[in-house]
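# build me a model from this:
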Amino acid sequence: MTLLEAIRLPRSIAQRLRIEAEKQGMSLEEYLVELATRDLDPPERAREYIETARALLEQAREELERGDVRQAAEKAWGAAALAVKAYAAWREGRRLTSHGELWEYTLVLRKELGKWVSSAWNAGNSMHTCFYEGWCEREHVEDAIEEIERLVKTVEEKIKKTHTET
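Next comes the predicted model:
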């Protein structure tokens, strides 16, 4: 079940949300998370981002089981983007609002977590392309989910470690 199926909204509002998400280069889920977390303090925002990233990875797997490769790809992309946003919020209290800022910030993660972050980020971006172009196959999405999951888990461990120390 998609988020819009779970929440009953007038069609015009649902369509407006989807259009605004697309304008921002975000999945609908990512856009709604942005709206819902805008007034949270950065540590809480980071926790919400990473929790949603985990949920999106699970949804991506469910979409693959149903055979919807494009939706699975979009969920995987959202998880990668939210992992990067979570790290920025956790590390610097920074809110990333554009694709350019996401790309730029992945260099911080790469420096601090390792070169593998570039591969995970590239996997996420290829899933964003897959969603719009529909060129990828199930195996591409499965591979991307594996790489993105490592990114999500690593960021989550950093956030949780700091949260339990405070």
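# list the contacts of Val84.
Contact analysis of Val84 by C-beta atoms under 8 Å, 6 or more residues apart in numbering lists 96, 102, 105-106, 109, 121, 151, 155. Placement of C-beta: from N, CA and C, glycine included.
# include secondary structure, neighbour count and pLDDT when you put those residues into CSV, please.
Formatted as CSV, the contacts of Val84 follow (DSSP: H, G, I helix; E, B strand; the rest coil; neighbours: other C-beta atoms under 10 Å; pLDDT from 0 to 100):
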residue, secondary structure, neighbour count, pLDDT
Leu96, coil, 21, 94
Leu102, helix, 20, 96
Tyr105, helix, 19, 98
Thr106, helix, 24, 98
Leu109, helix, 23, 98
Trp121, helix, 24, 98
Leu151, helix, 27, 98
Val155, helix, 26, 98
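# nearest to Glu51, of those?
Val155 (11.3 Å; C-beta to C-beta).
# which among the contacts of Val84 gets closest to Ala46?
Distance to Ala46, by C-beta to C-beta, is smallest for Val155 among the contacts of Val84, at 8.3 Å.
# so what's that closest one up against?
Val155 touches 50, 53, 83-84, 86-87, 90, 109, counting by C-beta under 8 Å, 6+ apart.
# measure Leu64 to Val108 for me?
The gap separating Leu64 from Val108 is 31 Å, by C-beta to C-beta, to the nearest Å.
# neighbour count winner among these two?
Neighbours per residue (other C-beta atoms under 10 Å) separate Leu64 from Val108, with Leu64 holding more: 19 against 16.
# which parts of stretch 114-134 are buried?
117, 119-121, 123-128, 130-131 (16 or more other C-beta atoms under 10 Å).
# thinking again about what came up before, as JSON lines, the contacts of Val84 with distance to Val141 would be great.
Formatted as JSON lines, these follow (distance: C-beta to C-beta, whole Å):
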{"residue": "Leu96", "distance to Val141": "24"}
{"residue": "Leu102", "distance to Val141": "20"}
{"residue": "Tyr105", "distance to Val141": "24"}
{"residue": "Thr106", "distance to Val141": "20"}
{"residue": "Leu109", "distance to Val141": "22"}
{"residue": "Trp121", "distance to Val141": "16"}
{"residue": "Leu151", "distance to Val141": "15"}
{"residue": "Val155", "distance to Val141": "21"}
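# how about the residues you listed, which pair is most distant?
In those, two members sit farther apart than any others by C-beta to C-beta. They are Leu96 and Leu151, at 14.6 Å.
# can you pull the contacts of Ala60?
With C-beta under 8 Å, 6+ apart, Ala60 has these contacts: 71-73, 75-76, 79, 141, 145.
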